[in-house]
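In: Provided below for reference: sequence and predicted model.
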Amino acid sequence: MNDRQNPHDPYYQQPQIVGYDEYGQPVYQQPGQQEQQHQQPQGQYDPYAQQQGYGYDPYAQHQQAQQAQQPQQYDPYAAQQPQPQPQTYGYDGYGYDTGQQPAAVDTTAQWNIPQQAPAPAPAPPQREPEPVVPEQRRADRDYGTEQFSFIEEPDEDSEDVIDWLKFTESRSERREEARRRGRNRMVALIVVAALVVVGGVGYLWSAGKIPGLGGSEKQTAATTGPQQRDVIVVHLHNTKKGGTSTALLVDNVTTKQGTTVLLPNSLAVADDEGNTTTLGKSVDDDGSDGTRESIDTLLGTRISGTWRLDTPYLENLVELVGGIEVDTDTDVPDTKKGASPLVKKGQAQTLGGQMAVAYATYRGPGEAETKQLMRFGQVMRGVLRKISDDPKAATITVQTLAQILDPSLPEKDLGASLAKLAEHAKIGDYKTALLPVQPDGTLTDAATESVVKDILGGTVKAPDKDAAVRVGVKNGTGNEDGTESARIKLVNGGYAFVSGGSTGTEASSEVVYKAAADKEKATQVAKTLGLPATAVKQGKPAANADVSVVLGQDYKIK
């Protein structure tokens, strides 16, 4: 059925007047148009709704006049909202108001020409509102830069403000950097101080110098157990006045202590043939090798080498180490007439090379030999305190002296020994001891216990298996020839004779050994001397002998 009906049709419905146009002409509503409006679902989008006119609106011009009089305000959403189209009045080919042109007469409706109605235009899809993301500009509300205008007003103080900001910022950065460096320095100082304290405490603990922390127990265990020693003998030759002075430089590796043992020239030793002689004569007659063996036999120690130090080399050595400080006990006069003393008595006297030699060799009128030996020991300790404790540096010092050394003690070994002794002397773990002897040159029991046993006891290495047994002899027969008689018998029997001096008269002889393994040695010694087997006893022999013999009146002198 066509939308338009023929007016001659009996069922034709008269159009209703819905209003008047601007010319006063009536505006009709065609039949079917109202039905279509009623059939359209509510809320559905109609693309022609804004274009259709429904007649004259008496209030339209009044509203337009009010809108024209109101000031236009900027609406940021106006660009996105659909603008209303100007309302014009007219009709299309079917009698509908197009809103764009005046209505025209439909000739097809008069002749009832059938026409197919155009299909309704599809409704455009409705866009769902986009989700609003915080701090994100909506696409339907974007603004163009042409809507704004920015005016930069020059400020004559702007550069000054920028410079001030830069200055304050740089000053703040410098302050912060200074604080950071200060904190780093403080942390570094604290760490270094902690390391120094820990290292010092560790050293004192290891050295056994902290009371109550076990250092004394460690020291006691070291002294009671087997000990290792490095011993060298030094002979000071006075090239001007003659004579020698002898000392032992002892490095106790176990207890970490150094000692200078002074040996008097009157000390009785055995020569190469086993005859009794003095230490001074042995140095002049037997030389370094024979004297070293004699001292080994007498003291029961093992000397690793001999250092011959002439007085000119001692003078050079003191000069190389930059002089020494000694607490002198006497004035040493100058050889020049009317001159002041070369060395003055006093504490912490600085001695050069020539002064050190003069003090070490000086022996005043009527003084005992031991006085001169003690001065020699003071000079040696002063040298050790100034020499380097580095073996390489000490060796260079020895090489600089350009002296001729004994083959038993090359420069490298001497430098290493002096460096070890210097290490002890610098920290105070060093002492000087004098070996006391009797008028006949023999050792007393006290000397044997205090020096020979405590300082020189033990050896660097065990004695050789074929080494001669050391036999200490004390004469208790009441006859002075008893000692010489026993010496001859023992030397001929292959034993090392050690003179123990004389003692009171004893009725019977004794042969004493220490360990059960030495019983056979003691038995053979008794047979060599012609003593009965009942004279062999286990006990405490002399510290410098393997077997000790006390000759009684039952000993037959031959």
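Out: Nice, thanks for sending it over.
In: all strands of the stretch 301-450 of the chain, in order?
Out: Along the stretch 301-450 of the chain, the segments classed as strands by DSSP state E, counting those that start in this stretch run 305-310, 324-328, 346-351, 430-434.
In: could I get these as a markdown table with mean pLDDT and distance to residue 487?
Out: In this view, the C-beta of every residue, glycine as well, is placed from N, C-alpha and C. Output for these, formatted as a markdown table (pLDDT from 0 to 100; distance: least, Cβ to Cβ, whole Å):
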| stretch | mean pLDDT | distance to residue 487 |
| --- | --- | --- |
| strand 305-310 | 94 | 25 |
| strand 324-328 | 94 | 41 |
| strand 346-351 | 94 | 44 |
| strand 430-434 | 92 | 26 |
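In: With distance to residue 448 as new columns, can these be given to me in a markdown table?
Out: Formatted as a markdown table, these follow (distance: least, Cβ to Cβ, whole Å):
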| stretch | distance to residue 448 |
| --- | --- |
| strand 305-310 | 23 |
| strand 324-328 | 30 |
| strand 346-351 | 34 |
| strand 430-434 | 13 |
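In: For those strands, give me JSON lines that also has distance to residue 507 and mean neighbour count.
Out: Listed next are the strands of the stretch 301-450 of the chain as JSON lines, based on distance: least, Cβ to Cβ, whole Å; neighbours: other Cβ atoms under 10 Å:
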{"stretch": "strand 305-310", "distance to residue 507": "44", "mean neighbour count": "20"}
{"stretch": "strand 324-328", "distance to residue 507": "51", "mean neighbour count": "18"}
{"stretch": "strand 346-351", "distance to residue 507": "55", "mean neighbour count": "13"}
{"stretch": "strand 430-434", "distance to residue 507": "35", "mean neighbour count": "18"}
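In: Tell me which of those sits nearest to residue 282.
Out: Ranking the strands of the stretch 301-450 of the chain by distance to residue 282, with Cβ to Cβ as the measure, places strand 305-310 first at 12.0 Å.
In: other SSEs contacting the closest one?
Out: When contacts are defined as 3 or more Cβ pairs under 8 Å, 6 or more residues apart in numbering; DSSP states H and E, strand 305-310 sits against strand 229-237, helix 287-299, helix 411-426.
In: Could you list the paired strands of it along with their orientation?
Out: With DSSP bridges as the test, strand 305-310 is paired with strand 229-237 (parallel).
In: outside of the strand it pairs with, which residues touch it?
Out: 244-254, 283, 288, 291-292, 295, 301-311, 314, 360-361, 376, 380, 409, 414, 417, 420, 456, 458-460 (Cβ atoms under 8 Å, 6 or more residues apart in numbering).
In: Let me know the helix or strand that residue 186 is in.
Out: For residue 186, the enclosing helix or strand under DSSP states H and E is helix 158-207.
In: Run a quick neighbour tally on the closest residue to residue 282 other than its chain neighbours.
Out: Among residues not flanking residue 282 along the chain, residue 291 sits closest, at 4.5 Å (Cβ to Cβ, 6 or more residues apart in numbering). Per other Cβ atoms under 10 Å, the neighbour tally for residue 291 reads 26.
In: For residue 291, list the residues it contacts.
Out: Residue 291 sits next to 233, 235, 269, 279, 282, 283, 306 when contact means Cβ under 8 Å, 6+ apart.
In: what about the first one, how many neighbours?
Out: The number of residues packed near residue 233 is 26, by other Cβ under 10 Å.
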